[in-house]
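Chemist: Provided below for reference: sequence and predicted model.
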Amino acid sequence: MEKHAGYMKGLKCRECGREYPLTANHVCEFDFGPLEVVYDYERIKQSLTRAAIQSRPGTMWRFRELLPVAGDPTVGLEVGGTPLIKADRLARRLGIRELWIKNDAVNYPTLSFKDRVVSVALSRARELGFTTVACASTGNLANSVAANAAAAGLTAYVFIPSDLEQSKVVNSLIYGGNVVAIKGHYDEVNRLCAEIAGKYPWAFVNVNMRPYYAEGSKSMGLEIVEQLGWRVPRNTVVCMASGSLLTKIHKSYQEAMKLGLAPETKHRIHGAQATGCSPISTAQKAGLEFFKPVKPNTIAKSLAIGTPADGFYALKVMKETGGVAEDVSDEQIREGIKLLAECEGIFAETAGGVTVGVARKLIASGAIPSDDSAVLCITGNGLKTLDAVIGHSGRAREIKPSLREFEALLEAEARTAAHA
Amino acid sequence: MPVKVRIPTPLRKLTHDEEIVHVSASTVGGAIAELQSRYPGIKERLTDEAGSVRRFVNVYVNEEDIRFLQNQETALKDGDEISIIPAIAGG
């Protein structure tokens, strides 16, 4: 093991507890359980105080002790620090007392929460001596790996399903890295990448770098806690693809409480999926401990993972916190996107439509009480999934550059409104 | 022509660094048993106490997840390929 490990102690299997050195390794060789970073919380507690955090720049790295890099980060120094919006208009529409939106649709540089995980993974990959980085992606991760690798001067290979939204493909290609489209769905891309990762000496951010990568998501939860005035929200709604983000938001709340940054609070974490790919929510609703894999068919392509690697742990977190999972149809996803846009001026991608749609359902059913408060985690930008809403968001009305025509248009509209 | 099994990195210590192993079993369960007889200890890595495939292990026959086929009862024929792959995080 390297001598200088920062605040990390080692890697540990989540299933059997066997310990491993801090290398590029994600899986326990005994039972294939996922490896997780173990920290020295006693040491962290001494330096990570509210005052210390508030004195640092407003990026995700203000929580640096809880992010698994040994030295100073070298990739993605400006990532994070996204707004937490008090969403009063949406709260009224959904019928809840207090509602907040954590808006990673404007995360830097590639407009999704993936910049958080990638900056950690690439900083750590560099520490471990890698010069080529790679990923299996449903789109956002590919964008982020391509961009951050370009900025860091690393070689990138990103692997995506061939049926992705055009804007997500272009958003990976533009940075000049290697983009490989696989004829198959994400689970097949994943399987291939696992095989490639076994053969090539690359840092696959979500394969051999996964223990470090996944921890980056905690920064989203830690920012929420700080932005709420150092408190853990009573309800958090998180979309689920592999289920990793949901488990890491939970972990970040636990760490914030354990380190004394926020008081102990009873909090529930709710999971959101698209009905067309809902292995985790289906299992949660049926009270099962493990999900059944599915073949995805949904417009929420960034969530289209039929064999969710962290599905088991996401189910566990929901069970432990009293959270509920729900799923929404493609039509409800589009309605969710429109609701968020019309009420709060935020254009989220399809995954955000899933989160809003599910929150709406959970509030309507009373699973989240109407006199309670909730935070919705919005993870990506609507400009990346235009394909899903084109033809469903109305059309611009075209006129000649004439005041007469404009006034005729207003009159026609007034008549239509009167008849409606 | 027998069935080809791709051995993932975490199990290669058991197969003396062999990446590809050939078996002649007629089902996935039979293939696991045959691997066990040749590389003692490999079965407990792949299956739990009840004999089910461990929850973080994905097994594929010709690129299809055996959970979409007949799990360990999935029939094998000459020339088939089995891949054993750990679960991967999201993207």
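Modeler: Good, I have the coordinates.

Chemist: so who does B:Arg2 touch?
Modeler: Rather than Arg, residue B:2 is Pro. Listed by Cβ atoms under 8 Å, 6 or more residues apart in numbering or on different chains, the contact partners of B:Pro2 are B:His22, B:Val23, B:Ser24, B:Asp78. In short, each C-beta sits where N, CA and C put it, glycine included.

Chemist: ok, now with 10 Å
Modeler: B:Val21, B:His22, B:Val23, B:Ser24, B:Ala25, B:Ala31, B:Glu34, B:Leu76, B:Asp78, B:Gly79, B:Asp80 (Cβ atoms under 10 Å, 6 or more residues apart in numbering or on different chains).

Chemist: which one of those residues sits closest to chain A?
Modeler: For those, the minimum distance to chain A (Cβ to the nearest Cβ) is 14.4 Å, reached by B:Val21.

Chemist: top of the contacts of B:Pro2 by neighbour count?
Modeler: B:Ala31 (25 neighbours; other Cβ atoms under 10 Å in any protein chain shown).

Chemist: Would you mark the buried spots in the strand or helix carrying that residue?
Modeler: B:Ala31 is part of helix B:28-38 when elements are defined by DSSP states H and E. By neighbour count with 16 or more other Cβ atoms under 10 Å in any protein chain shown, helix B:28-38 contains the buried residues B:Val28, B:Gly29, B:Gly30, B:Ala31, B:Ile32, B:Glu34, B:Leu35, B:Gln36.

Chemist: Same question for stretch A:362-379.
Modeler: Neighbour counts using 16+ other Cβ under 10 Å place A:Leu362, A:Ile363, A:Ala367, A:Ile368, A:Ser373, A:Ala374, A:Val375, A:Leu376, A:Cys377, A:Ile378, A:Thr379 of stretch A:362-379 among the buried residues.

Chemist: Out of those, give me the two with the largest separation.
Modeler: A:Ala367 and A:Thr379 (21.0 Å; Cβ to Cβ).

Chemist: Show me what from chain B comes close to chain A.
Modeler: B:6-14, B:19, B:41, B:44-48, B:53-58, B:60, B:63-65, B:67-68, B:83-91 (Cβ under 10 Å from any Cβ of the partner chain).

Chemist: Pull out the buried residues from those.
Modeler: Applying 16+ other Cβ under 10 Å to these flags B:7-11, B:14, B:45-47, B:53-58, B:60, B:65, B:67-68, B:83-91 as buried.

Chemist: now the strands for chain A?
Modeler: Assigned by DSSP state E, the strands in chain A fall at A:8-13, A:19-20, A:35-39, A:84-86, A:98-103, A:132-136, A:155-161, A:178-182, A:203-204, A:235-239, A:268-274, A:325-328, A:373-378.

Chemist: Give the partner strands of the fifth one in its sheet and their orientations.
Modeler: Looking back up the chat, that one is strand A:98-103. Partners of strand A:98-103 in the sheet, by DSSP bridges, are strand A:84-86 (antiparallel), strand A:373-378 (parallel).

Chemist: Could you export the ones you listed to TSV, including columns for mean pLDDT and distance to A:Ser244?
Modeler: What follows is the strands paired with strand A:98-103, written out as TSV (pLDDT from 0 to 100; distance: least, Cβ to Cβ, whole Å):
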stretch	mean pLDDT	distance to A:Ser244
strand A:84-86	98	21
strand A:373-378	98	13
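
Chemist: How many residues are close by the residue of the stretch 251-400 of chain A found nearest chain B?
Modeler: Closest contact between the stretch 251-400 of chain A and chain B, by Cβ to the nearest Cβ, is at A:Ala309 (3.8 Å). The tally of other residues near A:Ala309 (other Cβ under 10 Å) stands at 25.

Chemist: Report pLDDT for it.
Modeler: At A:Ala309, the predicted lDDT confidence score is 91.

Chemist: Distance of it relative to A:Thr236?
Modeler: 21 Å (Cβ to Cβ, to the nearest Å).

Chemist: what do you get for A:Pro109?
Modeler: Taken as Cβ to Cβ, the span from A:Pro109 to A:Thr236 is 25 Å.

Chemist: Compare the two and say which is more crowded by neighbours.
Modeler: A:Thr236 (26 against 17).

Chemist: Show the contacting residues for the more buried one.
Modeler: By Cβ under 10 Å, 6+ apart, the neighbours of A:Thr236 are A:100, A:102, A:220-221, A:224, A:246, A:249-250, A:253, A:267-271, A:321, A:323, A:374-377.

Chemist: A:Ser242 now?
Modeler: A:138, A:186, A:190, A:206, A:210, A:214, A:280, A:303, A:305, A:307-311, A:313-314, B:87-91.

Chemist: re the thing from before, pretty sure the residue of the stretch 251-400 of chain A closest to chain B is touching A:Arg191, no?
Modeler: No - applying Cβ atoms under 10 Å, one finds A:Ala309 not in contact with A:Arg191, separated by 11.8 Å.

Chemist: can you redo the contacts of B:Pro2 as CSV with secondary structure?
Modeler: Formatted as CSV, those follow (DSSP: H, G, I helix; E, B strand; the rest coil):
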residue, secondary structure
B:Val21, strand
B:His22, strand
B:Val23, strand
B:Ser24, coil
B:Ala25, coil
B:Ala31, helix
B:Glu34, helix
B:Leu76, coil
B:Asp78, coil
B:Gly79, coil
B:Asp80, coil
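
Chemist: Those: which two are farthest apart?
Modeler: So, these by Cβ to Cβ: farthest apart are B:Glu34 and B:Gly79, at 16.5 Å.

Chemist: So is stretch A:134-141 next to chain B?
Modeler: Yes - for a cut-off given as Cβ under 10 Å from any Cβ, stretch A:134-141 has contacts with chain B, namely A:Cys135, A:Ala136, A:Ser137, A:Thr138, A:Gly139, A:Asn140, A:Leu141.

Chemist: Among the residues you listed, show me the least confident.
Modeler: Minimum pLDDT across the residues of stretch A:134-141 next to chain B falls on A:Thr138, with 90.

Chemist: got the contact list for that residue?
Modeler: A:114, A:160-161, A:164-165, A:168, A:185-186, A:189-190, A:241-242, A:296, A:300-305, A:351, B:90-91 are the contacts of A:Thr138 under Cβ under 10 Å, 6+ apart.

Chemist: Inside helices: which ones of those residues?
Modeler: A:Lys114, A:Lys168, A:Tyr186, A:Val189, A:Asn190, A:Ala351 (DSSP state H).

Chemist: Just give me the closest of these to chain B.
Modeler: For these, the nearest to chain B is A:Asn190 (4.6 Å; Cβ to the nearest Cβ).

Chemist: tell me the contacts of that closest one?
Modeler: A:136-138, A:159, A:161, A:182, A:184, A:206-207, A:242, A:305-307, A:309, B:58, B:85, B:87-91.

Chemist: Need the per-residue pLDDT for it.
Modeler: 88.

Chemist: Model confidence for A:Pro233, exactly?
Modeler: 98.

Chemist: Quick check, it in contact with A:Thr265.
Modeler: Yes - contact criterion Cβ under 10 Å: A:Pro233 and A:Thr265 qualify, at 8.0 Å.
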